[in-house]
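In: the following block contains a protein sequence and its predicted model.
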Amino acid sequence: MPNDTRVTRRFGLQTALAAAAVPLFTTALAASPAHAVERAGRRLEVMSFNLRYASTTPPNTWADRRPVTRELLRRARPHVIGTQEGLYQQVRDIAGDLGQHYDWIGTGRAGGSRDEFMSVFYDTRRLAPVEYDHFWLSDTPDVIGSNTWGGGSIRMVTLVRFHDLRTDAELYVLNTHLDNASQNARARAAHLISERIGGLDSSLPLLVTGDFNVAAHKNPVYDTMLGAGLVDTWDAAEERGKAYATFHGYKPLKPDGDRIDWILATPGVRVHSAAINTFALGGQFPSDHLPVQASLTL
């Protein structure tokens, strides 16, 4: 757990028992001096990245993909990364590869180190967590591992309030992964997330990272999220890279395809640029999804 005793869990868990039952994992990271140079300015570099869970079955094993993921992240050097699908050891691998200036917050969606993590990685030179929470996308959001809407998998949210060390301001980061099998589960999850957003301090900016498993502009889930008072950073960006489908399944990239991975933000956040990162090495992609990025001023 964080060494900083000012970090608290206060967002939504209703009982001390529930709080005790959800371990939070963070890690002290190995040094990476070559990538330790801090960038100047007030811009916040944000990434959402579905990692594709670690697999030992060829092709595209985690052993093959890890070096590509490492190089992608070291080149991009985001200040905050919302990841989806990472298994515990996989998340620890990424933490080690990012280097000593990064830490992370997360828990397994089945509780503890079990199942996939919705982790939030952050550059400790820029951001310090103040409080955090996890909740589950179900009728019982404070019950660990709950899944009541017919979804194919347990789904959850990791929510962190950060102090921006450069600007002395605060912000929220919410990271999630909606269900791939059930539109009902996705729709109800979007409504629950919207309700939780409504209970946050509205004076602070909010960033939402996630794999929503539906295309932007083409599903009621997208409308619900924007109806919560959010904007799509891709649409709001002053500059954009080339558009691709963010899920490629290790097949040829699809220009102008569906964006199912999004970075959303509260109005008033200036989006300087947005990009879909197509980095690969020797034909090997780091994941079956392309990470999405945004450069912001809060």
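Out: Received the coordinates, thanks. Only a predicted model underlies this, so the values are computations on that prediction, with no experimental measurement involved.

In: CA atoms for contacts and neighbours, from now on please.
Out: Noted.

In: I276 reaches Y244, doesn't it?
Out: Yes: contact criterion Cα atoms under 8 Å: I276 and Y244 qualify, at 6.9 Å.

In: which one's more surrounded, those two?
Out: I276 (23 against 19; other Cα atoms under 10 Å).

In: next one: phi and psi at D97?
Out: phi -70, psi -30 (degrees, to the nearest 10).

In: so it makes contact with R75?
Out: No: judged on Cα under 8 Å, D97 makes no contact with R75 at a distance of 11.9 Å.

In: these two - which one has more neighbours?
Out: Between D97 and R75, counted using other Cα under 10 Å, the more crowded position is D97 (21 against 11).

In: and that one, what pLDDT?
Out: pLDDT, D97: 98.

In: ok, H248 next?
Out: pLDDT, H248: 98.

In: might you report the residue contacts of it?
Out: 254, 288-290 (Cα atoms under 8 Å, 6 or more residues apart in numbering).

In: so where's the stretch 1-150 of the chain shaky on pLDDT?
Out: Applying pLDDT under 70 to the stretch 1-150 of the chain picks out residues 1-40.

In: so where do the strands sit in it?
Out: 44-50, 80-84, 102-105, 120-123, 127-136 (DSSP state E, counting those that start in this stretch).

In: out of those, nearest to I260?
Out: I260 lies closest, by Cα to Cα, to one member of the strands of the stretch 1-150 of the chain: strand 44-50, at 10.4 Å.

In: just want the angle from that closest one to strand 127-136.
Out: 30 degrees (axes from the mean of the first three to the mean of the last three Cα atoms, to 10 degrees).

In: quick check: angle from strand 44-50 to strand 80-84?
Out: Using the same axes, to 10 degrees, strand 44-50 lies at 10 degrees relative to strand 80-84.

In: ok, the residue nearest to P255 when sequence neighbours are not counted to A76 distance?
Out: The spatially closest residue to P255, leaving aside those adjacent along the chain, is Y244, at 4.3 Å (Cα to Cα, 6 or more residues apart in numbering). According to Cα to Cα, to the nearest Å, Y244 stands 18 Å off from A76.

In: which residues touch the most centrally placed residue in the chain?
Out: By Cα atoms, centre = their mean, the mean C-alpha position of the chain lies nearest to G82, the distance being 1.8 Å. Taking Cα under 8 Å, 6+ apart, we find G82 in contact with 47-49, 118-121, 174-176, 209-210.

In: strands of the stretch 151-298 of the chain, residue ranges please.
Out: Going by DSSP E, counting those that start in this stretch, the stretch 151-298 of the chain shows strands at 156-164, 169-177, 206-211, 231-232, 239-240, 261-265, 270-276, 292-297.

In: so M118 touches L174, yeah?
Out: No: using Cα under 8 Å, M118 is not in contact with L174; the gap is 9.5 Å.

In: settle it for me: which of those two has more neighbours?
Out: Taking other Cα under 10 Å, M118 and L174 do not tie; M118 has more neighbours (30 against 25).

In: F135 against V160, yeah?
Out: No: using Cα under 8 Å as the test, F135 is too far from V160 to be in contact (11.6 Å).

In: which residue ranges of the protein form helices?
Out: Here the chain has its helices, by DSSP state H, at 16-21, 62-76, 88-98, 183-198, 220-227, 233-236.
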